[in-house]
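Undergrad: pasting the structure only:
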């Protein structure tokens, strides 16, 4: 049976069908047949039935939805991060794996011949290393560049976006270019008076209504009683994940898991409170001695209700009184499975592997662990790339521009062709092997068959290949200074286990000499 359309629209259609039927019954039947075909051609997800009930969600524009929901989503996510361990763990794991100790900067300036300009590269990296110190990059002088990088990622993950205002301090001793991280809540709900002109305004953002291009940001200073300040978009770095065209603000990645996380938090609190209350009472004593009964445990000396009970209470009751507690089965395997399902939902939303989020590795083996690690690595790549594009690259260009303007760096033609001087690579954190022996052998075979390069393998561990080569060269030089040949030692151990004692003696001697140099 087909579903009949009701309401004014349905009555209007029926009236037209009846009117057409008066003059041409055949035409009226054709109209009804075509309409029934149109209804049956819908997606199942778009049909209304007894199973969908009154489910008719409104499909507003993305910016309308964000404007009406974002403040409450941010507040709820932050509260769960503060109080719900698994949300706190999700934020920590994502920031650790996307930023870690910092997405490492590596200058890649080329000579006119297309070779790496090692001399200028060293100059730029030396400058950048000093500028990244907390007193040089942070306008407040508190955070290191990599700490700001991690904070920006936390802001994006919790609040859906990060905002950085570029500042210029002419009195700075090293570089005038500074960064200031701002809360997304500081974006004003109303525009600075008299500055919009032909532009439009939405959620603190002034933009060109013809193109959607952001013109300026309007911030409310939290210390000036609502006074707004307009900042040109060229001085603001605004990072978030774009989900729909025309989107002007970001939304937390944890938003789909907020309600289930809150319910799970309440369930766990209730279960723990119930178990604690059940364990408070050790025994109940019923006695005919009315004068010997214990004072009620529900009130204190002032007649106020006691909110907390001590452990192992022996409660005396009046003759004939009886206390019956509600039966509480506690947490069973079924409950544990439900909790696991909720945590898996949170893990998928984050996205963080369930085992990493929960700390539950009981059902993992090498194969499943490897699959989980590979899937997580793929999920991290877009986050690495987005953070590099939205945070690392703009701040790098600003820092180098400030250095050139302040005379710290001399780059001819920088402002006409900055691409040559700002060329760089960023190395995200890597991950260690689950089974080093097995994976190392596999990688050696891949290098031999030219399926991988040593550089790719080193980068997968989050290291700079140049640093690794320098460390190896430094170690070989150190061994040569003390008459130790690492190649012969390792070969002799591999071919002759009896040489282990000789290798051990050489290493002990080397360590003693190193200790002497350190203590000298």
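TA: Thanks, I have it. It should be emphasised that the depicted structure is a prediction, and the values quoted were computed from it without experimental measurement.
Undergrad: who are the neighbours in contact with residue 190?
TA: 201, 218, 228 (CB atoms under 8 Å, 6 or more residues apart in numbering). (Glycine included, C-beta is placed from N, CA and C.)
Undergrad: host element of the second one?
TA: Spelled out, it's residue 218. Taking DSSP states H and E as the criterion, residue 218 maps to strand 214-220.
Undergrad: List the contacts of that strand.
TA: Residues contacting strand 214-220 (CB under 8 Å, 6+ apart): 163, 182, 186-192, 195, 199, 201, 204-208, 226-233, 236, 238, 248.
Undergrad: Check those for burial and list the buried ones.
TA: Burial by neighbour count, 16 or more other CB atoms under 10 Å: within the contacts of strand 214-220 this picks out 163, 182, 186-188, 191-192, 199, 201, 204-207, 228, 230-231, 236, 238, 248.
Undergrad: Where does pLDDT dip in the stretch 1-150 of the chain?
TA: The stretch 1-150 of the chain contains residues with pLDDT under 70 at 1-23, 33, 35-42, 44.
Undergrad: Please repeat the previous calculation with a cut-off of 80.
TA: Across the stretch 1-150 of the chain, the ranges flagged by pLDDT under 80 are 1-59.
Undergrad: Now do the helices in it.
TA: Using DSSP state H, counting those that start in this stretch, the helices of the stretch 1-150 of the chain run over 7-23, 25-40, 62-83, 85-98, 118-131, 134-137, 145-159.
Undergrad: Walk me through the domains of the protein.
TA: 7-46, 85-252+352-431, 275-349 (automatic domain parsing).
Undergrad: Start and end of the second one, how far apart?
TA: Distance between the two ends of domain 85-252+352-431: 24 Å, counting by CA to CA, to the nearest Å.
Undergrad: before we move on, the earlier item: now, the buried ones among the contacts of strand 214-220 that are in strands?
TA: Mapping these onto strands (DSSP state E) picks out 163, 182, 201, 205, 206, 207, 228, 230, 231, 236, 238.
Undergrad: how about those residues in a markdown table, adding distance to residue 128 and pLDDT?
TA: Formatted as a markdown table, those follow (distance: CB to CB, whole Å; pLDDT from 0 to 100):
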| residue | distance to residue 128 | pLDDT |
| --- | --- | --- |
| 163 | 23 | 96 |
| 182 | 23 | 93 |
| 201 | 37 | 92 |
| 205 | 31 | 94 |
| 206 | 33 | 93 |
| 207 | 33 | 94 |
| 228 | 35 | 85 |
| 230 | 31 | 89 |
| 231 | 25 | 92 |
| 236 | 22 | 96 |
| 238 | 23 | 96 |
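Undergrad: out of everything not next to it in sequence, what's closest to residue 249?
TA: Distance criterion CB to CB, 6 or more residues apart in numbering; nearest residue to residue 249, sequence neighbours excluded, is residue 66 at 4.9 Å.
Undergrad: ignore the last one, residue 455
TA: That would be residue 465: by CB to CB, 6+ apart, it lies 4.7 Å from residue 455.
Undergrad: hey, where'd the strands end up in the stretch 351-500 of the chain?
TA: 424-427 (DSSP state E, counting those that start in this stretch).
Undergrad: shaky segments in it?
TA: Judged by pLDDT under 80, the stretches of the stretch 351-500 of the chain that qualify are 363-367, 369-370, 430-443, 445-447, 449, 451-452, 455-467, 482-500.
Undergrad: now with 70?
TA: 435, 487-500.
Undergrad: now do the stretch 151-300 of the chain
TA: By pLDDT under 70, the low-scoring segments of the stretch 151-300 of the chain are 223-226, 280-300.
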